[in-house]
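In: Just a sequence and a predicted model for now, questions to come.
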Amino acid sequence: MTATRVLIVDDVVQVRRDLRTLLSLSGEIEVIGEAPNGLEAVRQAESIQPDVVLMDLEMPVMDGYEATRQVKSRVPSCRVIALTVHDYPSARAKAQESGVDAFLVKGASVESIVQTISKQKE
């Protein structure tokens with residue numbers, strides 16, 4: 001089984017660092033890039049063609065909603081999983097409209113994040 005190739009997008013360096021470490025320990029996921037905002041996420045997604053983008057929704061420069069729309073149009077095979085603190089119906093609806101494939105709340109267990117990423121590859 002090949003590892004799922006993941007791009008982590010979050011404006012907080014420590015969040016990206018922690019996710020990279022935790023996801024890499026799963027043995028099922030290879031973190032192939034990190035981006036601090038949506039604009040950089042779109043650039044990297046086009047360049048490195050990840051299987052999955054783990055996308056924060058609220059970021060400077062370009063938010064995760066617009067970045068999701070652009071990633072989905074430019075890299076159609078890529079799945080986008082929202083990972084956010086904004087767990088309310090309007091955020092979920094807006095994420096779904098943007099093309100998000102799955103929605104996770106920050107603080108979710110590593111197991112549930114890994115499981116959601118792995119599901120997206122199937």
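Out: Nice, I can see it.
In: and the residue lying closest to residue 12 once chain neighbours are set aside, how many residues sit next to it?
Out: Closest residue to residue 12 apart from its sequence neighbours, by Cβ to Cβ, 6 or more residues apart in numbering: residue 56 at 7.9 Å. (Glycine included, C-beta is placed from N, CA and C.) Residues within reach of residue 56, counting by other Cβ atoms under 10 Å, total 26.
In: swap in the one 3 residues further on?
Out: The tally of other residues near residue 59 (other Cβ under 10 Å) stands at 24.
In: ok, it - contacts?
Out: Shown in contact with residue 59 (Cβ atoms under 8 Å, 6 or more residues apart in numbering): 9-11, 36-38, 67.
In: let's go with 7 Å and repeat that
Out: The neighbours of residue 59, taking Cβ atoms under 7 Å, 6 or more residues apart in numbering as the test, are 11, 37-38.
In: okay if I get those as TSV plus secondary structure, distance to residue 78 and neighbour count?
Out: As requested, the contacts of residue 59 are exported to TSV (DSSP: H, G, I helix; E, B strand; the rest coil; distance: Cβ to Cβ, whole Å; neighbours: other Cβ atoms under 10 Å):
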residue	secondary structure	distance to residue 78	neighbour count
11	coil	20	17
37	coil	17	18
38	helix	14	26
